[in-house]
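Peer 1: Sequence below, structure please.
(chains A and B)
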There are 2 protein chains.
Amino acid sequence: MIDARLNEYTPRDPNPNVPFSPEEIARDAALCREAGAAIVHYHARDPETGAPSSDAALYADAARRIRAACDAIVMPTLGANTVTDLDARIGHIEAMAKDEATRADLVPLDLASLSLAIWQPGQPAVAGDDLVYHNSVGTLKTLAARTRAAGAAPMAAIWNVGSLRLLEAFVETGVLPRRMLVELFTTEGGLIAGHPGTIAGLQALVDFVPARADCLWAAACYGANALPLVEHAIARGGHVAIGLGDYAYPELAGGRPTNADVVAAVVALARRHGREVATPDEARAMLGLGD
Amino acid sequence: MIDARLNEYTPRDPNPNVPFSPEEIARDAALCREAGAAIVHYHARDPETGAPSSDAALYADAARRIRAACDAIVMPTLGANTVTDLDARIGHIEAMAKDEATRADLVPLDLASLSLAIWQPGQPAVAGDDLVYHNSVGTLKTLAARTRAAGAAPMAAIWNVGSLRLLEAFVETGVLPRRMLVELFTTEGGLIAGHPGTIAGLQALVDFVPARADCLWAAACYGANALPLVEHAIARGGHVAIGLGDYAYPELAGGRPTNADVVAAVVALARRHGREVATPDEARAMLGLGD
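Peer 2: Residues are numbered from 1 along each chain as shown, chains lettered A, B, ... in the order given. Predicted coordinates for the structure are as follows:
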C-alpha cells in the first residue's frame, strides 16, 4: 500500500514538479494512482506562490478534482503545527464533509507534542527556538472525534516511541479504531525531532508498534531519500508513505522526478521483493474504510 | 556511578521512607552515599505534607545539610513540568549559587517537549488531557546557559530518540558540554510519554546515544522496578539513576526499603558484574566537575 505524499509545504526549488493548485494536485494524484499509489496526501497551497493555505475551498476543490480524475483514497492534511486553534486545524475537514464528493477519506493525526529542533552537522546553532508542536492528549481526543464525525478515518502519524504507546492507549480506549494506517516518520534534512532516517531509526519504531492494535504500518522519511527505508519496510510486510512533499529525489528520473516517478520506484522495489501493490479498493478493504 | 533519586513528588504511601524535609533529605543522602551513591537528586517538598515546593530556602537548606553530612554530588531539580516561567524554573538554582555551600553541582534538563499521557491497560480513558511539558529549544538554551552561569553542570534527561538528537546538536553547538551525564528515562506506572521500562525500551535509547559526544549514560525507570534495566546497563558500561522518587521498590528489604537499600541492591548487581561503584570524587573526575 503506497501513500503518495504530494506536496507538504515544499518549495519548487530544487524540484519544480511539486503540485500547488487543485488542478495540479489532481493531475499528480491521477498519475500517482496509475503508477501504483492507493492513497494521496496533500496540503492546500496558494496556486500561484505555493504559500501554505488553510482555505477550505482549495482543499475541497482538490478533493473533488482528485475524485473526478481517479479512485485514489483522499487524505488532506490537518492545520499546520503552528496552528493551535482547533477549528482552524480541522474546520476544512468538516467543511469538506458537507459534500460526499469532497469528503476526506483519511485524516492524519500527529500523536505527539514536540520541540521542532532544526540542526545539521556543521551549523553553528540549533534553530527552532520557539517551535513547539502542540498535540495535547485532549486536543488529539477532540481531533479524532471530529475526524470520525466528519466521516473520515484517522491515520496515526508517529514520531517516537511515546507516540506508539499513545496509539495503543487510544486504540484500547476507543479514541482511535483498532484497524488503522500508522505512518512511522523519520526526519532528516535538519529536522531532528523524530528518529533518524536510517534503517536503525525506522526499526526502533517498528519494534514498538503495538501488537494488540491491528496496525498497518508504513515507513516514511521527511527530508531525505526514503527508498532504503522503504525497501526495509517492504521486506518486513510494511507499507510506504513517500513523495516530493518530503524530499526532492534528485536520485531519480534524471534529477527532477515527478511524484509518479517516485511511486514507480517504490513499485519496482516491491516487485523485486515479490510484493504486489494494493489498488485503492484493496487498500480500502485493508483499512476497513466505509465499513 | 549511581545517582540516588531520593524523592521526586512521590507520596509516602505505599513507602513511608520517602524524604521530605531538608533534614530527612540530608540524612537519606548520607546513607545513600555510604551505600554507594555518588550523586543525590532531590526535589524540595513541604516538610510536613510533602507537597511539591519551589521554595529556594528549602532547596538551599537541603544542599547545605547534604554537604555537611557527606561528599555526594548535589543535584537539585529544576521547576516542575507545570511551570513555564523561566525564573520560576531556575531561580532557586541561581539563589543557591550565591553561597558555595549551597551551590548545585548538577542540574537536570529534560531535552524534550512532551504530551504527558497517562494510561494503564484496563483503564477506560487516557488521562493528562492538558499536560504538555514545554521545553522549547529556546527555553533549553536559556536554562543551559543559566545553569552554567550558576556554576553547575547540566545533566541531560532523555525521553526519546529526538532528545538524543537534540543532545548531539546542543553538544556540537556548545550549548551543552561534550562530557556529561545523560540519564536515559523509561516510564511506566501509567506515564506513557517515554520508552517502556523494558530492556528493549532502554536499548532503543542506548542505540542512539550520540557517538561524538562524550556521554556517560545512565539507565532510569520512572514508575516501575528499574533493576532489570540497571543490570542491562551495568553489563554494557552504563551508569544508574534510581530511587524511591521513581518507585516504591516493594521487592526489596521486606517491602519498605530506604533509598540506601535501593542503592545497595544496585551495588550488589554491579559487583556481580565485576564493576566497582564510583565515589563522588571519582564521579566528579569522570564528569569533569570543577574543571
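Peer 1: So for residue A:79, what pLDDT did the model give?
Peer 2: For residue A:79, the pLDDT comes out at 77.
Peer 1: and the residue lying closest to it once chain neighbours are set aside, how many neighbours does it have?
Peer 2: Residue nearest to residue A:79 in three dimensions, not counting chain neighbours: residue A:89, with 3.5 Å by Cβ to Cβ, 6 or more residues apart in numbering or on different chains. All C-beta spots, glycine's among them, are computed from the backbone N, C-alpha and C. Using other Cβ atoms under 10 Å in any protein chain shown, residue A:89 has 21 neighbouring residues.
Peer 1: Residue A:89 falls within a helix, correct?
Peer 2: Yes - read with DSSP: H, G, I helix; E, B strand; the rest coil, residue A:89 is one of the residues of a helix.
Peer 1: where in the stretch 151-291 of chain A is pLDDT low?
Peer 2: By pLDDT under 70, the weakly predicted segments of the stretch 151-291 of chain A are A:291.
Peer 1: what about the strands in it?
Peer 2: According to DSSP state E, counting those that start in this stretch, the stretch 151-291 of chain A carries its strands in the segments A:153-158, A:179-187, A:214-222, A:239-242.
Peer 1: quick one, helices of chain A?
Peer 2: Listed in chain order, the helices of chain A (DSSP state H) span A:22-35, A:56-69, A:86-96, A:137-149, A:161-172, A:199-206, A:227-235, A:259-272, A:280-287.
Peer 1: how about stretch A:221-233 as CSV, C-alpha atoms only?
Peer 2: Only the C-alpha atoms of stretch A:221-233 are listed here, as CSV (Å, rounded to 0.1, in the frame of the first residue of the first chain):
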residue,chain,number,x,y,z
CYS,A,221,11.2,9.8,5.9
TYR,A,222,10.9,13.6,5.8
GLY,A,223,14.0,15.3,4.4
ALA,A,224,16.0,12.5,2.8
ASN,A,225,15.7,9.7,0.4
ALA,A,226,13.3,7.2,1.9
LEU,A,227,14.0,4.3,-0.5
PRO,A,228,16.4,2.4,1.7
LEU,A,229,13.8,2.5,4.5
VAL,A,230,11.1,1.7,2.0
GLU,A,231,12.9,-1.5,1.0
HIS,A,232,13.4,-2.4,4.6
ALA,A,233,9.7,-1.9,5.2
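Peer 1: Name the residues of the stretch 1-150 of chain A found near chain B, please.
Peer 2: Contact residues, the stretch 1-150 of chain A versus chain B (Cβ under 8 Å from any Cβ of the partner chain): A:112-117, A:119, A:121, A:123-138, A:140-141.
Peer 1: Repeat that for the stretch 151-291 of chain A.
Peer 2: Selection of the stretch 151-291 of chain A residues close to chain B by Cβ under 8 Å from any Cβ yields A:159-162, A:165-166, A:169-170, A:172-173, A:175, A:192-196, A:200-201, A:204, A:207-208.
Peer 1: List only those of those flagged as buried.
Peer 2: Buried subset of those (neighbour count, 16 or more other Cβ atoms under 10 Å in any protein chain shown): A:159-162, A:165-166, A:169-170, A:172, A:175, A:192-196, A:201, A:204, A:208.
Peer 1: need the contact list for the residue of chain A most remote from its centre.
Peer 2: Each residue of chain A has a distance to the centre, and by Cα atoms, centre = their mean the biggest one is for residue A:124: 31.1 Å. By Cβ atoms under 8 Å, 6 or more residues apart in numbering or on different chains, the contact set of residue A:124 is residue B:173.
Peer 1: On the pLDDT front, check it for me.
Peer 2: You'll see residue A:124 listed with a pLDDT of 98.
Peer 1: Would you check how far apart it and residue B:108 are?
Peer 2: 26 Å (Cβ to Cβ, to the nearest Å).
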